[in-house]
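K.L.:
With the input below, show me the fold.
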Amino acid sequence: MLQQKIPATVITGFLGAGKTTMIRNLLQNANGKRIALIINEFGDLGVDGDVLKGCGAEACSEDDIIELTNGCICCTVADDFIPTMSKLLERDNRPDHIVIETSGLALPQPLVAAFNWPEIKTQVTVDGVITVVDSAAVAAGRFADDHDRVDALRVEDDNLDHESPLEELFEDQLTAADLIVLNKTDLIDAAGLKTVRDEVASRTARKPAMIEARNGDVAAAVLLGLGVGTEDDIKNRKSHHELEHENGEEHDHDEFDSFVVELGPVADPTGFVERLKGVIAEHDVLRVKGFADVPGKPMRLLVQAVGSRIDQYFERAWAPGETRGTRLVVIGLHDMDEQAVRAAIAAAAG
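P.N.:
Numbers count the residues shown, from 1 in each chain. Reported below is the predicted structural model:
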């Protein structure tokens, strides 16, 4: 008997938008649905996978969590994603739903297109693409670096035919979306939220549904079961990269580097976080995420930084036999001075 296609939800969003928190909430409220989770971690340390494995949700065991750490998922579709999907589909106990968390740097379009590969298309369909937006960052102009000036210069110079790559990435993630989640709305007021809504809506010609959320708290019934079949509509969601290549134009890319900083105990976590803000500002670090060992505390301290905003909380107890330590993934542009950043973080830790 032919089995119904397994629905897959692609969750994308810019750095630090809150994808992991939203997925954790989803897993904890899956109502018995067996969910397989594919995580595309950017960096050498699977922090997100480690966080999610501690969620304790019956719907998602550790065997159902697969990490792809060989680079951005949109660039490793054939070598990484397709074989992973094939192995998942060969399991006797197949999942009811597949959730894919992309790297914050990923283009959703190549990933969605991969669902048209023959061995995948007959068994899985894209239930929907969900793009998570950091509302506070957008309200602060994170993706609005003097657009008026850029627009004015375009009239005079054909070489300024597109905006900076980081802004293009943001727009491409919105363009691919079936549902946009404006997350972290508790960090802005009503006027700021209206600004965010207008800004996000202006960034894509498509008009996907848009909802608001705090702390990634969105009901599973809202996120799952969209039933879009996005892989059949990929031609209407082309990225800047695709459109510019169609027109024969050259395309510049931002290149990103990541590395892992491993440290000993952090005796003063509050002071460390304050000093870390200075390191991030001085070296223009995009993202820091990981965990710290605080002496005398039975739980490890989770650290998530986007720009100067840093979230920290004791996330879970250290497991028996687990080696305590401080490990942080640092993500920045390719010209970031790695040695200087490493030294600065070590100094900040004390």
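K.L.:
How much space separates residue 285 from residue 293?
P.N.:
Distance of residue 285 to residue 293, given as C-beta to C-beta, to the nearest Å: 21 Å. Every C-beta, even on glycine, is put in place using the N, C-alpha and C of the backbone.
K.L.:
quick one: the helices in the stretch 151-300 of the chain?
P.N.:
For the stretch 151-300 of the chain, the helices defined by DSSP state H, counting those that start in this stretch occupy 165-175, 190-202, 220-223, 240-246, 269-283.
K.L.:
Please work out which residues outside the shortest one touch it.
P.N.:
It refers to helix 220-223. 9, 22, 26, 29-31, 33, 130, 179, 211 (C-beta atoms under 8 Å, 6 or more residues apart in numbering).
K.L.:
ok, 7 Å please
P.N.:
9, 26, 29-31, 130, 211 (C-beta atoms under 7 Å, 6 or more residues apart in numbering).
K.L.:
Of those, just the buried ones, ChimeraX syntax please.
P.N.:
Selection of buried members from the contacts of helix 220-223 for ChimeraX, criterion 16 or more other C-beta atoms under 10 Å:
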select :9,26,29,30,130
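K.L.:
Among the contacts of helix 220-223, name the ones in strands.
P.N.:
Here DSSP state E is the test, and the contacts of helix 220-223 give 9, 130, 211 as lying in strands.
K.L.:
so the first one bridges to which residues?
P.N.:
Residue 9 has these beta-bridge partners by DSSP bridges: residue 99, residue 128.
K.L.:
so residue 280 touches residue 305, yeah?
P.N.:
Yes. Contact criterion C-beta atoms under 7 Å: residue 280 and residue 305 qualify, at 6.1 Å.
K.L.:
re earlier: just say which of the helices of the stretch 151-300 of the chain is most tucked in.
P.N.:
Comparing the helices of the stretch 151-300 of the chain by mean neighbour count (mean count of other C-beta atoms under 10 Å), helix 165-175 ranks first with a mean of 22.
K.L.:
and it, what does it pack onto?
P.N.:
Applying 3 or more C-beta pairs under 7 Å, 6 or more residues apart in numbering; DSSP states H and E, one finds that helix 165-175 contacts helix 240-246.
K.L.:
List the contacts of the spatially most central residue of the chain.
P.N.:
In the chain, the residue lying closest to the centroid (C-alpha atoms, centre = their mean) is residue 104, at 3.5 Å. With contact set as C-beta under 7 Å, 6+ apart, residue 104 has these partners: 13-16, 42.
K.L.:
and of these, the nearest to residue 91?
P.N.:
Lowest distance from residue 91 to these (C-beta to C-beta) belongs to residue 42, with 26.5 Å.
K.L.:
Find me the pLDDT at that closest one, would you?
P.N.:
Note for residue 42: predicted pLDDT of 52.
K.L.:
The one 5 residues further on too?
P.N.:
Note on residue 47: pLDDT of 56.
K.L.:
Flag the shaky bits of the chain, pLDDT-wise.
P.N.:
Applying pLDDT under 70 to the chain flags residues 1-3, 41-63, 67-80, 142-165, 241, 244-256, 307, 334.
K.L.:
picking up where we left off before, neighbour count for residue 285 and residue 293, which is higher?
P.N.:
Neighbours were counted for residue 285 and for residue 293 using other C-beta atoms under 10 Å; residue 285 has more, 22 against 19.
K.L.:
Neighbours of the closest residue to the more buried one other than its chain neighbours, how many?
P.N.:
Distance criterion C-beta to C-beta, 6 or more residues apart in numbering; nearest residue to residue 285, sequence neighbours excluded, is residue 332 at 4.9 Å. Using other C-beta under 10 Å, the number of residues around residue 332 comes to 20.
K.L.:
and the strand or helix carrying residue 332, what other elements does it pack with?
P.N.:
Per DSSP states H and E, residue 332 falls inside strand 326-333. Judged by 3+ C-beta pairs under 7 Å, 6+ apart, strand 326-333 is in contact with strand 256-263, strand 287-292, helix 338-349.
K.L.:
Show me what the last one is packed against.
P.N.:
Using 3+ C-beta pairs under 7 Å, 6+ apart as the contact criterion, the secondary-structure elements in contact with helix 338-349 are strand 256-263, helix 269-283, strand 326-333.
K.L.:
change it to 6 Å
P.N.:
The helices and strands touching helix 338-349, judged by 3 or more C-beta pairs under 6 Å, 6 or more residues apart in numbering; DSSP states H and E, are strand 256-263, helix 269-283.
K.L.:
which of the residues in it are buried?
P.N.:
So, applying 16+ other C-beta under 10 Å, buried residues of helix 338-349: 341-342, 344-345, 348-349.
K.L.:
With stretch 95-106 instead?
P.N.:
Of the residues in stretch 95-106, those buried (16+ other C-beta under 10 Å) are 95, 97-106.
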